[in-house]
Every structure is written in C-alpha cells, then in structure tokens.
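K.L.:
The following comprises the amino acid sequence and a computationally predicted model.
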Amino acid sequence: MRFVIQRVSESEVKVDGETLGKIGKGFMVLIGVSNSDTKEIADRMIKKMLGLRIFEDEQGKTNLSLDTVGGSLLLISQFTLYANCKKGNRPSFIEAGAPDMAEEMYEYIIAKCKEQVPTVERGRFGADMKVSLVNDGPFTIILDSETL
C-alpha cells in the first residue's frame, strides 16, 4: 500500500465539474492499493499517517500532528501509484490491486479515518477526478507499506 501525503492549506476534488470533497488545512492523500494489501496493513498505514508531526509549531518546527492542528483529510484513490516503468515507455499497472479489492480497501481506509478525524472528504473510486491543492511548504511524504 502506498500513501502520498501532501500537507495542504486547501484541496478539492471534482468529478464532471461537481465538487465531491473539499478541505482547508490538512492532508490530501493519494492512496494506492496492491493485491497483497490487507486491513492490517491499512491499519498500520493509517496509524503512521495520523501520527505524522509535520505541521509547524510556534517556533516553526514541524512538531504538530493533524489532530493537534484540527486538520482535515481528503482521501483519493490512485492506482497509478503502482505504475511499473521498468520496460519501455508505457507504464504497466499489473501491480495495482484488482478493482473490487482495491475499492474495498479504499472504503475501509475512509471508514477507519472517520473514526479518528472529524472531517474526512473523499473522491470517487475509479472516476476521472480533477484534484486541486495548495501544497503547504511544499511538504510531501510518501509512505510505502513495504518500508514501514
């Protein structure tokens, strides 16, 4: 499982011109699922993500977590995080999770985050989404379950 976490001052996701999710200060997270991922792996990833202290304190040090600053989450599914570009110029996506399984994991992640974060917004699994954000920093963290 892979999370690309961007610390944002604002972020929004639209499908066909309709806003599905919009947040202010918080994390916009791109979520990639592989076939080998489990709920236990998702739980580990969520715990790590929500514990990240990457917001600045009064001294300008990245020392505050999402809950400390009252931040929100915008969670977006993105199978292309499992693009394999080793051969040729056209990426292969065979390492990405099968759609039914990946959608189930995405819904699980959303539900678990809602248990801990007051504002959790989302995209639409499998849709052609338009994501906009203002990356605050810029600050981007990549979590990969294979390296946690």
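P.N.:
Sure, I can see it.

K.L.:
got a list of what the spatially most central residue of the chain touches?
P.N.:
The chain has Val29 as the residue nearest its centroid, 2.1 Å off, counting by CA atoms, centre = their mean. Going by CB atoms under 8 Å, 6 or more residues apart in numbering, Val29 touches Phe3, Val4, Ile5, Gln6, Met49, Leu73, Leu74, Leu75, Ile76. Any C-beta I mention is one placed from the backbone N, CA and C, and that applies to glycine too.

K.L.:
Run me through the strand neighbours of the longest strand along the chain, direction for each.
P.N.:
Longest strand in the chain by number of residues (criterion: DSSP state E): strand 129-144. Using DSSP bridges, the strands paired with strand 129-144 are strand 2-15 (antiparallel).

K.L.:
So for the partner strand, what gets flagged as buried?
P.N.:
The neighbour-count check on strand 2-15 (16 or more other CB atoms under 10 Å) flags Arg2, Phe3, Val4, Ile5, Gln6, Arg7, Val8, Glu10, Ser11, Glu12, Val13, Lys14 as buried.

K.L.:
three-state assignment of the nearest residue to the third one once chain neighbours are set aside?
P.N.:
The shortest distance from Val4 to any residue other than its chain neighbours is 4.2 Å, reached at Leu30 (CB to CB, 6 or more residues apart in numbering). Under the three-state scheme (DSSP: H, G, I helix; E, B strand; the rest coil), the conformation of Leu30 reads as strand.

K.L.:
And Leu30, what's its pLDDT?
P.N.:
Per-residue pLDDT puts Leu30 at 98.
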